[in-house]
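Undergrad: take a look and give me a structure for this.
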Amino acid sequence: MNQQKEIKREGKGTAKLFDERSLTADYATLAPLLQQGWAVLDVGCGTGAISKDIANRVGPAGHVTGIDNTAYFIESGRETYADVINLELIHADLFSFEPKKKFDLIVSARTLQWLSNPQEAILKLKSMLKPGGTLSILDYNHEVLEWQPQPPASMLKFYATFLRWRGDAGMNNHIADDLPGYFEDAGLNSVEILGANEVYKKGEPNFERKVGIWSSVAQMTQMVDEGYISDQDRLQAISDYDEWIKSDAQLMVMHLKEVRGTNE
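TA: Numbers count the residues shown, from 1 in each chain. Purely as a prediction, here's the structure:
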């Protein structure tokens, strides 16, 4: 029972972080593309914070469907955004999701990086597009993360281990740079690449919280359980990194790209 309470508590915390996201701040390159009346699918929508902003942009004649495979995020989003009448949030896995109608636009932000089969995912997404519809994927190249100055050695060790753990699980650490090829292999046309780097500078609002994402990642114990890192080293990385953020940290750049293509 205590473990179940802990899982739900962590879920609430993550849901709150998702609720802080917005189209303007977290998917800004997409905004100029949106048109009134469009039917949009948001894959890996979390609580639907960005989906809600898209729904406002496509207007009452449009509609947004958000899907996520974490039930608690969907439950939270349905409650938070219940007043957005042209938004529907569904607990579903991408590969088993079978919509009744196809979409003008399908978007997915920071989601394909967690899949071991992103090429299959893109083919599935393409199959749900209308003729002439657009697919937009926003994701990272984690291999070129920039810190100024360099963080403590304990965090660099943790981060290298994190990338190795992801790679061993089949996740693509540089998916942002591989997306154009995936799109072309799937038969999508007019492929575009838009830079969308996340740049956090000391003195800006929420700098410590944004840069502190890696302390949050290090809170998870899965890599310890699977023998990738000792718990002592994990905890040391958190402690040293948190101190570095308060004292020396000046800049962090997470390399992010939006790639879009059309189903012509």
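
Undergrad: which stretches of the stretch 51-200 of the chain have low pLDDT?
TA: Within the stretch 51-200 of the chain, no range satisfies pLDDT under 70.

Undergrad: what number of residues are in the vicinity of the closest residue to residue 106 other than its chain neighbours?
TA: Among residues not flanking residue 106 along the chain, residue 41 sits closest, at 4.6 Å (Cβ to Cβ, 6 or more residues apart in numbering). To be clear about C-beta, it is placed using only N, CA and C from the backbone, and glycine gets the same treatment. The number of residues packed near residue 41 is 29, by other Cβ atoms under 10 Å.

Undergrad: helices of this structure, start to end?
TA: Along the chain, counting by DSSP state H, helices occupy 2-19, 23-26, 49-58, 71-80, 118-127, 153-168, 175-185, 207-211, 213-218, 222-225, 231-247.

Undergrad: and the last one, which residues are buried?
TA: When neighbours are counted by 16 or more other Cβ atoms under 10 Å, the buried residues of helix 231-247 are found to be 233, 234, 236, 237, 238, 240, 241, 242, 244, 245.

Undergrad: ok, the closest residue to the third one other than its chain neighbours - contacts?
TA: Which is residue 236. Leaving out its chain neighbours, the residue that sits closest to residue 236 by Cβ to Cβ, 6+ apart is residue 154, at 4.7 Å. Listed by Cβ atoms under 8 Å, 6 or more residues apart in numbering, the contact set of residue 154 reads 233, 236, 237, 239, 240, 241.

Undergrad: run the last query once more with 6 Å
TA: By Cβ atoms under 6 Å, 6 or more residues apart in numbering, the residues touching residue 154 are 236, 237, 240.

Undergrad: can you put those residues in CSV and add pLDDT and distance to residue 136?
TA: Putting these into CSV (pLDDT from 0 to 100; distance: Cβ to Cβ, whole Å) gives the following:
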residue, pLDDT, distance to residue 136
236, 98, 40
237, 98, 34
240, 98, 38
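
Undergrad: between those, which sits nearest residue 202?
TA: residue 240 (17.8 Å; Cβ to Cβ).

Undergrad: where does the nearest residue to that closest one once chain neighbours are set aside sit relative to residue 184, distance-wise?
TA: Counting by Cβ to Cβ, 6+ apart, residue 240 lies nearest to residue 152, which is 3.8 Å off, once chain neighbours are set aside. As defined by Cβ to Cβ, to the nearest Å, residue 152 lies at a distance of 41 Å from residue 184.
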